[in-house]
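Participant: Here's my sequence, what's the structure:
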Amino acid sequence: MRATVFGIKNCDTMKKAFAWLDSHGIDYAFHDYKRQGVPSDRLVAWSKSVGWERLANRRGPTWRKIPEDARQELDEGRALKLLAAHSSAIKRPVIEYGGKILVGFDPEEYRRAFDR
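Facilitator: Presented below is the predicted three-dimensional model:
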């Protein structure tokens, strides 16, 4: 089974995830937000699966650059519009594998998800 990795290629967290996947022989396809955009249907599906709160990287510089009033009183719809418009504010990577959604880099979570 092949994983799909979504994110931005030159991100340090992405590099860690790629290295982990490569070292464990995990086959994956990469979808680069900067070149290919964020698939809106996937963003909605991820939010339904893990919640928009987990997808939003609220500690990163991109999030802090979004005007304060736009970040107030967020619900799922408003948050997803912000994330679609500011793809660098999506926590990276997002990995789809075997019906699971993994968000961020967590070697222990990866071990459990990719355990064969």
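Participant: Please count neighbours and contacts with C-alpha atoms only from this point.
Facilitator: Fine.
Participant: Which residue comes closest to the residue nearest the centre of the chain once chain neighbours are left out?
Facilitator: In the chain, the residue lying closest to the centroid (Cα atoms, centre = their mean) is Val94, at 3.0 Å. The shortest distance from Val94 to any non-neighbouring residue, by Cα to Cα, 6 or more residues apart in numbering, is to Val103 (4.6 Å).
Participant: tally of neighbours for the one you found?
Facilitator: Val103 has 22 neighbouring residues, counting by other Cα atoms under 10 Å.
Participant: which secondary structure element contains the residue lying farthest from the centre of the chain?
Facilitator: Residue farthest from the centre of the chain, counting by Cα atoms, centre = their mean, is Asp69 at 23.9 Å. Assigned by DSSP states H and E, Asp69 falls within helix 68-71.
Participant: Got the phi and psi for Tyr97?
Facilitator: Backbone torsions of Tyr97, given as degrees, to the nearest 10, read phi -160, psi 120.
Participant: Next: Pro61.
Facilitator: phi -60, psi -30.
Participant: sorry, back to before: quick one: pLDDT of the residue nearest to the centre of the chain?
Facilitator: pLDDT for Val94: 98.
Participant: can I assume Gly60 is in contact with His86?
Facilitator: No: look at Gly60 against His86 with Cα atoms under 8 Å: they stay out of range, at 11.6 Å.
Participant: neighbour-wise, which of those two wins?
Facilitator: A count of neighbours by other Cα under 10 Å puts His86 above the other of Gly60 and His86, at 16 against 13.
Participant: Low-confidence stretches in the chain?
Facilitator: 116 (pLDDT under 70).
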